[in-house]
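>>> Sequence and predicted model, in that order:
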Amino acid sequence: MAIIEKMEAQLRPVETPMVNYPAKYITQVNGDKLVIHQVEREDVPHILQAVSPLMTVAKDFYDIVASRIYSELLGYYRYRVKDEYCLVGTIDGVIVGVVNGRMIDEKAGMSYHTMTLRQGLRIGAQLFAAKMEYHLDYLGQDEVWIVAESPNGFKRWMIEYELEPRLEQWHELGGVPTYVLTKALWEKHKATKCGGRRPVSEVMLATAKKMILPETYSQIPGYVRNA
Amino acid sequence: MRREVGIVGVGHPRFGKSSVSFTDMCCYAAVDALDDAGIKTGEGHGVDQLFLASMGAQMLNRQSGIASALVDTLNLRPAMAESVENGPASGASAIKLGYMAIASGMCDVVLVIGGEMMRVVSGWEGTDFVATMLHPIAEYPYGLTLPAFAGMFTRLIMEKYGVLESDLARVAVKNHENAMYNPAAHIQLVPKLEVITEDEDKDIINPYVAEPLRLYDVCPVSDGAAAIVLCAMEVADRFAKKPIRIAGIGQATDTHAVAEREVATDLLAVRLAAQQAYKMANLAPQDMDVAELHDAFQILEIVESEEVGFFPRGEGHLAVRRGETKIGGKIPINTSGGLKAKGHPLGATGVSQVIEIVLQLRGEATGRQVEGARAGLAVNFGGFGNNVVATILTKEVE
């Protein structure tokens, strides 16, 4: 083995086996079907193209959230983050939202980011709930560490889920205060936060896996992809 | 001798989330209204008075003396300027004051701007801000909010008249459908009735806000501004657009504390304000071709439609089921999308409602036009019904 390959092997984190998130769909108020599924590492470069246009949108902190998701997913793709995952929401195959996070250990999860690409359907809230569902119901963890970078995130997560403040506990996203969704809080709020039906039909899942890049973004007036 | 008053200019940028300052947002609406009327700002503009309607600019945006600022920014000096605060009915109140200024002979031309920038604060802070108009001893200290009142009111109406959650949803769907044709509407999305009322995930996608009211039974929080130009009918030929006449205005108040009302399910001030407006216009409910009713909560559209005389008591929801309030129905209500879908920036709402009636009477409500509309009613509702302004517009000049 060449020395560079040896070094690369040593740089890569040891991966913990993680059960996959089973895809689900949620009917939206306008009848659209939001399909949430877990993506493979090889899908990441494509998803980065969906995220990158928002890296310059300062409004509502899209710039910092998009830039951080971009780097986190790149870290996942290039084997520089341990036990990361990414869930994507699609409607009719078009990417409408992205969430990611990672396992800290078998007991605790680290929520990274939640980003809505299509506004107006509360997709972010549904994707965030799916992420919590993954950690607490499928990975079997006891708690998830969460931070917010926007007032909207604070309202949606910290207040609506009544998250437990653990300000002394540092989150990987920096020095902002850490809050925790415990299993007990999840059980309290799950019924009014986490929806969806399984299984997703093969046809619906195949469409979701097309992961078509959005042509436009309501956050970027006038933007048209490849125009 | 009271002078006749008409509307010759309207300006209504899209409601939603503003990316400009409160002052700029109001100016954009005003410039559109002045352009519509064919008024050029600067020397010889001819505007005698500006009224600015806003409920919360001082509290939410830390701005005061805004009417004076707007006159200067719009280059309308030395026009007179005042701000008007009458809760969510501020817009219609400002129009009433504009009407009075012209009818009295004091002014020939008045610019009325309504504006509110509510999304600078969180939803909770916004709800609290609106609740400051409740009774400071009997209501507010106990945590009552407008959605809470609307929830309790809805429960009473449901028990008394058999209104169902699906009736509220029907009103919402209708208004969202109408809003799809209104470029000024905040929300451009049509919910499906069966999804928001029956889907197994309805509690996730259409959660309770104040039971029995769900998310799609209440209006969104919006920024926005709207403006109109009023003039004396005798000088209307100076302007680019034919005037739409203000035929009647009525206003009525009710007890501040809702618990003190004789009948909890009545909206007495709505009834009295509408009756005054009909009397002044010498018209009746059946003469109205279109109406904008203050549907901050969907139950209000149903009950107001009864109070203004469109339907018998307790039958508003049955009319909704029969489709009588849709475009093409007996009396189309909230063709603009209403507060539900167009949005409800408090101070702007009353002005926005009147603009929709103007557009309908001009025949300019593209895609949502009520054919042959000649008279329309707008009801702007303040507090939890303790200060209501009703305005009737007609197409013809008597």
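In hand now; what should we look at?

>>> which outside residues touch the worst-scoring helix or strand of chain A on mean pLDDT?
Across the helices and strands of chain A, mean pLDDT, DSSP states H and E gives its lowest value to helix A:151-153, namely a mean of 82. Residues from elsewhere that reach helix A:151-153, judged by CB atoms under 8 Å, 6 or more residues apart in numbering or on different chains: A:D60, A:F61, A:T114, B:S122. Using the backbone N, CA and C atoms, a C-beta is placed for each residue, glycine as well.

>>> and if we set it to 7 Å?
A:D60, B:S122 (CB atoms under 7 Å, 6 or more residues apart in numbering or on different chains).

>>> Direction included, what does the next helix or strand after it pair up with?
Moving toward the C-terminus from helix A:151-153, the next helix or strand (DSSP states H and E) is strand A:164-165. In the sheet containing strand A:164-165, its partner strands are strand A:179-182 (antiparallel), by DSSP bridges.

>>> Show residues contacting the strand it pairs with.
For strand A:179-182, the external contacting residues (CB under 7 Å, 6+ apart) are A:M132, A:E143, A:V144, A:W145, A:I146, A:M158, A:Y161, A:L163, A:E164, A:P165, A:R166.

>>> Tell me how far that strand lies from the chain's centre.
For strand A:179-182, the gap between its own C-alpha mean and the chain's C-alpha mean amounts to 17 Å (CA atoms, centre = their mean, to the nearest Å).

>>> buried set for the next helix or strand after that strand?
Following the chain from strand A:179-182 toward its C-terminal end, the next helix or strand by DSSP H and E is helix A:183-193. By neighbour count on 16 or more other CB atoms under 10 Å in any protein chain shown, the buried set for helix A:183-193 is A:L185, A:W186, A:H189, A:K190, A:K193.

>>> How about helix A:183-193 and chain B, any contact?
Yes. Judged by CB under 7 Å from any CB of the partner chain, helix A:183-193 and chain B are in contact via A:T192, A:K193.

>>> and that helix, what's its mean pLDDT?
Per-residue pLDDT over helix A:183-193 has a mean of 96.

>>> Now do it: which elements does it pack against?
When contacts are defined as 3 or more CB pairs under 7 Å, 6 or more residues apart in numbering or on different chains; DSSP states H and E, helix A:183-193 packs onto helix B:202-205.

>>> Show me which residues of chain A are close to chain B?
Among all residues of chain A, those adjacent to chain B (criterion: CB under 7 Å from any CB) are A:26-31, A:120, A:122, A:126, A:151, A:155, A:192-193, A:195-196.

>>> Assumed B:C27 was part of a helix.
Yes. Note on B:C27: a helix contains this position according to DSSP: H, G, I helix; E, B strand; the rest coil.

>>> thought it was touching B:L76?
No. In this structure B:C27 lies outside contact range of B:L76 using CB atoms under 7 Å: 10.5 Å.

>>> B:T41: neighbour count?
A count of neighbours around B:T41, defined by other CB atoms under 10 Å in any protein chain shown, yields 16.

>>> I'd like to know which residues of the stretch 151-300 of chain B are adjacent to chain A.
Of all the residues in the stretch 151-300 of chain B, those in contact range of chain A (CB under 7 Å from any CB) are B:187, B:189-192, B:195-196, B:199, B:201, B:203-207, B:216.

>>> Out of these, the closest to B:A150 would be?
B:Y216 (13.5 Å; CB to CB).

>>> what's the neighbour count on B:R368?
The number of residues packed near B:R368 is 21, by other CB under 10 Å.

>>> SS state for it?
Following three-state DSSP, B:R368 is assigned to coil.

>>> show me what contacts it?
By CB under 7 Å, 6+ apart, the contact set of B:R368 is B:N178, B:Y181, B:N182, B:I327, B:T335.

>>> would a markdown table of the residues you listed with neighbour count and secondary structure be doable?
Supplementary listing: these in a markdown table, determined by neighbours: other CB atoms under 10 Å in any protein chain shown; DSSP: H, G, I helix; E, B strand; the rest coil:
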| residue | neighbour count | secondary structure |
| --- | --- | --- |
| B:N178 | 27 | helix |
| B:Y181 | 17 | coil |
| B:N182 | 25 | coil |
| B:I327 | 20 | coil |
| B:T335 | 30 | coil |
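
>>> Would you reformat those residues as JSON lines and include distance to B:G383?
Output for the contacts of B:R368, formatted as JSON lines (distance: CB to CB, whole Å):
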{"residue": "B:N178", "distance to B:G383": "26"}
{"residue": "B:Y181", "distance to B:G383": "31"}
{"residue": "B:N182", "distance to B:G383": "27"}
{"residue": "B:I327", "distance to B:G383": "30"}
{"residue": "B:T335", "distance to B:G383": "26"}
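
>>> Nothing else from me, thank you.
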